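Peer 1: next comes the sequence, and after it the predicted model I'd like to discuss.
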Amino acid sequence: MKGCGLNTSEPRRLLVEGLVIVASILLAFAIDAGWASFAEGRTLQQLTTSLHRDVTASQVAMSWRRAWAEDVVEKSRSILNGVANGTRGPALDSVVFDIGDVFVKGEWGPINNTYEQALSSGDLSLIRDAEIRFLLGRYAEALEDLRTRQERAVTQYYGQLEPFLVAHTDYSQVALDGSADGLVRGPFSTDSELLASSREFFNLVNLKLELELETIQAMDEALHLADEVIESLQGS
């Protein structure tokens, strides 16, 4: 009979529309995933670049601070050996007046802002290599140890070294060359013989020497880790 045949065009149209919708959804997911992957890759690239920059900057700062520490160690030993060997006269004046180069803060600060921010934000997980993340953690611990040592140096200076200089020397006579020119000379002078016979003086110089030797050792470890971090980042 006429009019009783099935209309096959309608199911076909619905099927096509359904396939189009599914394809559109899949395409949208693919675009989102592709964009997320691109954004993640760009963030990772920026992260590794910033980490490399921070580590390199810290290497420069640590190398400078280490050289300064070696100078303090050399002058500290010169003072201590001069006192211990009973040096007198102009030779004693020469070594004792190095006290201004020994009793200093030597302030500085390691740079690790990128790592700390990436750790708190979760971006550090973008570095898939667990060994690199572990190495970065060890390096961060080494820098934190150096921060602690710097705090000790500042505390030692203000708590012990500076008060000793104020009480027992003409500071304008023993101050660093860079600042001594602008200072006013007092009507008295630093008594090298008195300092040389002071147990407190001898022990304070030794304490400063000990702190700087420990700092040099800690910096050597941090510098070694910095080299490993840079090599790992370049190979990632």
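Peer 2: Happy to help now that I have it.

Peer 1: what is the neighbour count of residue 90?
Peer 2: Counted with other CB atoms under 10 Å, the burial measure for residue 90 works out to 8 neighbours. To be clear about C-beta, it is placed using only N, CA and C from the backbone, and glycine gets the same treatment.

Peer 1: roughly how far does it sit from residue 47?
Peer 2: 59 Å (CB to CB, to the nearest Å).

Peer 1: over to residue 136?
Peer 2: With CB to CB as the criterion, residue 136 and residue 47 are 11 Å apart.

Peer 1: more neighbours, these two?
Peer 2: Using other CB under 10 Å, the more surrounded residue of residue 136 and residue 47 is residue 136, with 24 against 20.

Peer 1: what's the mean pLDDT across whichever strand or helix holds the more buried one?
Peer 2: Residue 136 is part of helix 130-156 when elements are defined by DSSP states H and E. In this model, helix 130-156 carries a mean pLDDT of 94.

Peer 1: any buried residues in it, and which?
Peer 2: Of the residues in helix 130-156, those buried under the neighbour-count criterion (16 or more other CB atoms under 10 Å) are 132-133, 135-136, 139-140, 142-143, 145-146, 149-150, 153, 156.

Peer 1: could you do stretch 176-195 as well?
Peer 2: Applying a neighbour-count criterion of 16+ other CB under 10 Å, one finds 190, 192, 195 buried in stretch 176-195.

Peer 1: which one of these is nearest to residue 225?
Peer 2: Here the nearest of the buried residues of stretch 176-195 to residue 225, counting by CB to CB, is residue 195; it sits at 40.1 Å.

Peer 1: OK, contacts around the closest one?
Peer 2: With contact taken as CB atoms under 8 Å, 6 or more residues apart in numbering, residue 195 is in contact with 96, 99, 168-169, 201.

Peer 1: any weak-confidence spans in the protein?
Peer 2: Using pLDDT under 70 as the threshold, the predicted model of the chain has low-confidence ranges 1-41, 178, 236.

Peer 1: what about the helices in it?
Peer 2: For the chain, the helices defined by DSSP state H cover 9-84, 90-96, 99-102, 113-121, 130-156, 162-168, 171-174, 177-180, 192-196, 199-235.

Peer 1: can I get the fourth one as CSV, trimmed to CA atoms?
Peer 2: Just to be clear, that refers to helix 113-121. This file holds the C-alpha atoms of helix 113-121, laid out as CSV (Å, rounded to 0.1, in the frame of the first residue of the first chain):
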residue,chain,number,x,y,z
ASN,A,113,63.6,31.8,44.3
THR,A,114,62.5,29.8,41.3
TYR,A,115,62.9,26.5,43.0
GLU,A,116,61.0,27.7,46.1
GLN,A,117,58.1,29.1,44.0
ALA,A,118,57.9,26.0,41.9
LEU,A,119,57.8,23.8,45.0
SER,A,120,55.0,25.8,46.6
SER,A,121,53.0,26.1,43.4
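
Peer 1: now that helix against helix 130-156, angle please.
Peer 2: For helix 113-121 against helix 130-156, the angle between stretch directions is 110 degrees (axes from the mean of the first three to the mean of the last three CA atoms, to 10 degrees).

Peer 1: mind giving me the packing neighbours of helix 113-121?
Peer 2: Helix 113-121 sits against helix 9-84, helix 130-156, with contacts defined as 3 or more CB pairs under 8 Å, 6 or more residues apart in numbering; DSSP states H and E.

Peer 1: my read is that residue 78 contacts residue 95, right?
Peer 2: Yes: look at residue 78 against residue 95 with CB atoms under 8 Å: they come within range, at 5.1 Å.

Peer 1: residues in contact with residue 72?
Peer 2: Under the criterion of CB under 8 Å, 6+ apart, the contact partners of residue 72 comprise 101-102, 104, 106, 208-209, 212.
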